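1. I would like to see how this sequence folds:
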Amino acid sequence: MSLDDAARRHPRTVVVTGGALGIGGGISRRFAADGDHVVLVDIDEGAAAATAADITAGGGRCTVLLGDITQNDTVARLAALVDDAHGHADVLINNVGDFRPAKSFFAKSPPQQWQRLHELNLWHVFAVTHALLPGMISVGSGSIVNVSTVEAFRGIPGNAVYSAYNAGVSAFTKSLAVELGPSGIRVNAIAPDLADTAQTPAELMLAGRDPALLHSWLPAGRFGRPEDFAGVVAFLTSPDAAFITGHTIPVDGGTLAASGWYGKASGRGWTNMPDQA
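-> Numbers count the residues shown, from 1 in each chain. The predicted structure follows:
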């Protein structure tokens, strides 16, 4: 969207959880650049301040809410902030998620780990959506985008619980879209893979492999950048996507279509890079 288009469109209130770094940071910057007022929720004070400063330096608007979105108090403060300052959210991006903490195998994982993964990947999606939905319903419009993962659609060794909760995110997306359609609210999700961010840097994913070989493993020939994911989220919340609801869109450079997991020839672990099989 051009700056002129952004100026002509009525600015929206856009809530982005985990909106400071990585995919979330890219999403926050994209919506602010499009002329929307971003409510950035993050646990990292320094990162949130830096992203907000970038946004305001570029002429955008951003309000920061510090806190752990998996905690009831943070969800309540977010709902109060949106209600008091904006009346309702026009767009909600449930972006927070993490595969950590994780043990190598489910049989060795403690129940406390399942609980934390539940809070990080699924519970907060329910809680934040539930808290902000009344405002959307009251005005008869809104768009929600949840961030799932391609691992919700394929087996991933060593991360069975993480995969299951994200499959839940995509199932929740479908069912909620059916429920909220009559209220004028659309619900979609994206499923990222191979995002080059601070959480999953390219160097860690390459693990010493030659980057020139990426084209032989990945149809797109490169890792994803935050703006790749932000662009799809922006589309899903735009009028151009007015007839799209209930879907999870893979944003993965083709990995879901082209690759799987392989047992290493050494018998030690698994890989999704064929040169290790």
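2. okay, CA-based contacts and neighbour counts for the rest of this
-> OK.
3. in the chain, where is pLDDT below threshold?
-> Along the chain, the model assigns pLDDT under 70 to residues 1-9, 103-104, 260-263, 265, 272-277.
4. mind listing what the longest strand along it pairs with, with the direction of each?
-> Across the chain, the longest stretch assigned as strand under DSSP state E is strand 185-192. Strand 185-192 pairs in its sheet with strand 142-147 (parallel), strand 248-251 (parallel), by DSSP bridges.
5. just name the most buried of those.
-> Mean neighbours per residue, mean count of other C-alpha atoms under 10 Å, is largest over the strands paired with strand 185-192 for strand 142-147, with a mean of 24.
6. in JSON lines: the strands paired with strand 185-192, plus distance to L204.
-> Listed next are the strands paired with strand 185-192 as JSON lines, based on distance: least, C-alpha to C-alpha, whole Å:
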{"stretch": "strand 142-147", "distance to L204": "22"}
{"stretch": "strand 248-251", "distance to L204": "20"}
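7. helix/strand/coil for G35?
-> What DSSP: H, G, I helix; E, B strand; the rest coil gives for G35 is coil.
8. give me the number of residues near it?
-> Other residues within reach of G35, judged by other C-alpha atoms under 10 Å, total 24.
9. F235 now?
-> Neighbourhood size, F235 [other C-alpha under 10 Å]: 12.
10. again, but for E203
-> Neighbours of E203 under the rule other C-alpha under 10 Å: 11.
11. what comes into contact with the helix or strand hosting it?
-> Here E203 sits within helix 202-206, counting by DSSP states H and E. The contact list for helix 202-206 (C-alpha atoms under 8 Å, 6 or more residues apart in numbering) reads 194-196, 223.
12. next one: that helix to chain centre, how far?
-> Helix 202-206 sits 20 Å away from the centroid of its parent chain (C-alpha atoms, centre = their mean, to the nearest Å).
13. again, but for stretch 119-136
-> Its chain's C-alpha centre and that of stretch 119-136 lie 13 Å apart, by C-alpha atoms, centre = their mean.
14. show me which positions of that stretch end up buried.
-> For stretch 119-136, the neighbour count (16 or more other C-alpha atoms under 10 Å) marks 119-125, 127-129, 132-133, 135-136 as buried.
15. now the residues you listed in TSV, with secondary structure and distance to Q112?
-> As requested, those are arranged in TSV below (DSSP: H, G, I helix; E, B strand; the rest coil; distance: C-alpha to C-alpha, whole Å):
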residue	secondary structure	distance to Q112
E119	helix	11
L120	helix	13
N121	helix	14
L122	helix	15
W123	helix	15
H124	helix	17
V125	helix	19
A127	helix	20
V128	helix	22
T129	helix	24
L132	helix	28
L133	helix	30
G135	helix	34
M136	helix	34
